[in-house]
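> build me a model from this:
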Amino acid sequence: MIKAKIEDSGMPPTRAEIARELGFRSANAAEEHLKALARKEVIEIVPGASRGIRVLRHDEVEAKGLPLIGRVAAGEPILAQEHVETHYEVDPALFKPRADFLLRVNGMSMKDIGIMDGDLLAVHKTQDVHNGQVVVARVDDDVTVKRLDKQGSQVLLHAENEDFAPIVVDLTHQQLTIEGIAVGVIRTADWM
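Numbers count the residues shown, from 1 in each chain. Alright, predicted model coming up:
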């Protein structure tokens, strides 16, 4: 509830809001629950502030950081590995919208917008995409990172490097799945 309130409004809830949401009779009951969460090191209570709550760790999945899933072609599409290779201790909330996973880029087809070979691409998992966005797209069984341009039953996946032609997908004959949108780039994994 605390994390959701912070994500929705940018601020933590007050003790009164917590009490109301969780059905407690008083804000003091909410304070006792907050103290228990602080003892478990899930939150930090900032003294003297009605909204003085800071989330220290998220749920168990997020506590591991972002999963790195396979390799993604930024050039000729390659088959993505479906298993998680590792986790990186990167806060998903650093990205807007929030990142769900990382993909390692292979190739230079997106270099003109700063996505280089070997970069980790932060991806927000969604199928709600718009023309012009940089997407992670699965064409049949191959995965690629490109700029989306949908024109009726045809989709053009544009590289950001003039040396690469667009990938043309005819939706009447080919399957296209959008895996998500690019929300950030981590230049190298050497520092992690």
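
> quick check: buried residues in stretch 137-157?
Across stretch 137-157, burial judged by 16 or more other C-beta atoms under 10 Å covers 137-139, 143-148, 150, 155-157. Backbone N, C-alpha and C define where each C-beta goes, glycine included.

> grab the two from these that are most spread out in space.
Using C-beta to C-beta, these span at most 17.9 Å, a distance reached by 143 and 150.

> surely residue 150 touches residue 135?
No: between residue 150 and residue 135 there is no contact under C-beta atoms under 8 Å: 10.2 Å.

> sorry, back to before: name the nearest of the buried residues of stretch 137-157 relative to residue 116.
Using C-beta to C-beta, the buried residues of stretch 137-157 come closest to residue 116 at residue 145, 11.4 Å.

> in the sheet, who's paired with that closest one?
Beta-bridge partners recorded for residue 145 (DSSP bridges): residue 136.

> tell me the domain boundaries of the protein?
What automatic domain parsing lists as the domains of the chain is 2-58, 66-186.

> format those as TSV; extra columns: mean pLDDT.
Formatted as TSV, the domains of the chain follow (pLDDT from 0 to 100):
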stretch	mean pLDDT
domain 2-58	82
domain 66-186	86
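
> out of these, which one sits most buried?
Ranked by mean neighbour count, the domains of the chain are led by domain 66-186 with a mean of 17 (mean count of other C-beta atoms under 10 Å).

> the strands in the chain, which residues?
43-45, 53-55, 66-73, 78-79, 84-88, 101-106, 120-124, 134-139, 142-151, 154-158, 167-170, 176-186 (DSSP state E).

> please name the strands paired to the first one in the sheet, noting orientation.
Strand 43-45 has the following sheet partners, assigned by DSSP bridges: strand 53-55 (antiparallel).

> return the distance of the strand it pairs with from the chain's centre.
21 Å (C-alpha atoms, centre = their mean, to the nearest Å).

> ok, now stretch 171-189?
That offset, for stretch 171-189, works out to 12 Å (C-alpha atoms, centre = their mean).

> could you do stretch 158-174 as well?
Using C-alpha atoms, centre = their mean, the offset of stretch 158-174 from its chain centre is 24 Å.

> before we move on, what about stretch 113-121?
16 Å.

> what does stretch 25-42 give?
30 Å.

> ok, and what's touching that stretch?
14-16, 18-19, 22, 24, 43-45, 53, 55-57 (C-beta atoms under 8 Å, 6 or more residues apart in numbering).
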